[in-house]
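# I'd like to go over a predicted model; first the sequence, then the structure.
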Amino acid sequence: MNIPNFLSLTRIILVPIFVIFLIQDEYYNALIVFVIAGLTDVLDGTMARLLNAQTKLGSYLDPIADKLLLATSFVTLAILGIIPSWLTVIVMSRDFIILLGIAILSLMSVTFEIKPALVGKATTALQIGTVFFALLNKAVAHDLSYNWILTLFFWMTAIFTVASGLVYIIRGIKIINRTSPEDGKE
């Protein structure tokens, strides 16, 4: 067990704590936990590269921790009525489609490399921003209405999530089409 893997595990452990704070209407504490979880994400990747401590376990733990945090955030915040349910459906559907594509390629014994697309990275940043600003809006007392910022984040997140989903679908189809017909014969 190295430090980057420990940080990924820490992020996984923070997820239920985050949810507990949300269901207890302790939005400030939930925001702090979300920020700490985000910092562990930045630190684990940075440390893995700097310390040359990239491991096979880490290559699985890091994306699992990321997806667990974001999926849990969207589902819980939608249930609480803090973000729109339709946005959560879009976010979860994209992740499901990506996982389904990976499963299909694996079942077909097609070798492939998972490389994040630029639009996928932008999507992740927008999803994180959406959760952050939704929590900030609930956690910090204010006299101004920031609903327009949240609405902008909701729509931008939706647009980028759909776009990145389409990019990954197209990539998957191209990978399948590159597979020679003999590979599928028995």
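Yes, it's here.
# helices of this protein, start to end?
3-23, 27-50, 56-79, 85-107, 118-139, 147-178 (DSSP state H).
# as TSV, these with mean pLDDT and mean neighbour count would be great.
No exception for glycine: its C-beta is placed from N, CA and C like everyone else's. Converted to TSV, the helices of the chain look like this (pLDDT from 0 to 100; neighbours: other CB atoms under 10 Å):
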stretch	mean pLDDT	mean neighbour count
helix 3-23	95	18
helix 27-50	92	18
helix 56-79	92	18
helix 85-107	93	15
helix 118-139	93	18
helix 147-178	92	16
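# from Arg178, how far out is the residue nearest in space to the middle of the chain?
Nearest residue to the geometric centre of the chain (CA atoms, centre = their mean): Lys67, 4.0 Å. Separation of Lys67 from Arg178 (CB to CB, to the nearest Å): 27 Å.
# my guess is Thr157 contacts Leu126, does it?
Yes: the pair Thr157 / Leu126 is scored as a contact, 4.3 Å apart, by CB atoms under 8 Å.
# chain neighbours aside, what residue packs nearest to the residue nearest to the centre of the chain?
Asp95 (6.3 Å; CB to CB, 6 or more residues apart in numbering).
# tell me if I'm right that that neighbour and Thr72 touch.
No: with contact defined as CB under 8 Å, Asp95 does not reach Thr72; the gap is 11.8 Å.
# separation between the residue nearest to Lys67 and Ala125?
For Asp95, the distance to Ala125 (CB to CB) stands at 16 Å.
# list the contacts of Ala53.
Asn2, Ile3, Pro4, Met47 (CB atoms under 8 Å, 6 or more residues apart in numbering).
# same check, this time on Leu80
By CB under 8 Å, 6+ apart, Leu80 lies in contact with Leu22, Ile23.
# per-residue confidence for it?
Note for Leu80: predicted pLDDT of 97.
# identify the residues contacting the residue nearest to Phe153 when sequence neighbours are not counted.
Distances taken as CB to CB, 6+ apart put Thr130 closest to Phe153, at 4.5 Å, once the chain neighbours are dropped. Contact analysis of Thr130 by CB under 8 Å, 6+ apart lists Ile83, Leu87, Leu150, Phe153, Phe154, Thr157.
# just checking, the third one touches Phe132?
No: look at Leu150 against Phe132 with CB under 8 Å: they stay out of range, at 10.7 Å.
# got the contact list for Lys115?
By CB under 8 Å, 6+ apart, Lys115 has no neighbours at all.
# how near is it to Pro4?
Taking CB to CB, one finds Lys115 at 20 Å from Pro4.
# and Glu186, what pLDDT?
43.
# one more: Asp183?
50.
# swap in Ser180?
The model reports Ser180 with a pLDDT of 56.
# for Phe112, give me its contacts.
Counting by CB under 8 Å, 6+ apart, Phe112 touches Leu105, Ile175.
# spatially nearest residue to Ser93 (excluding sequence neighbours)?
Gly165 (7.4 Å).
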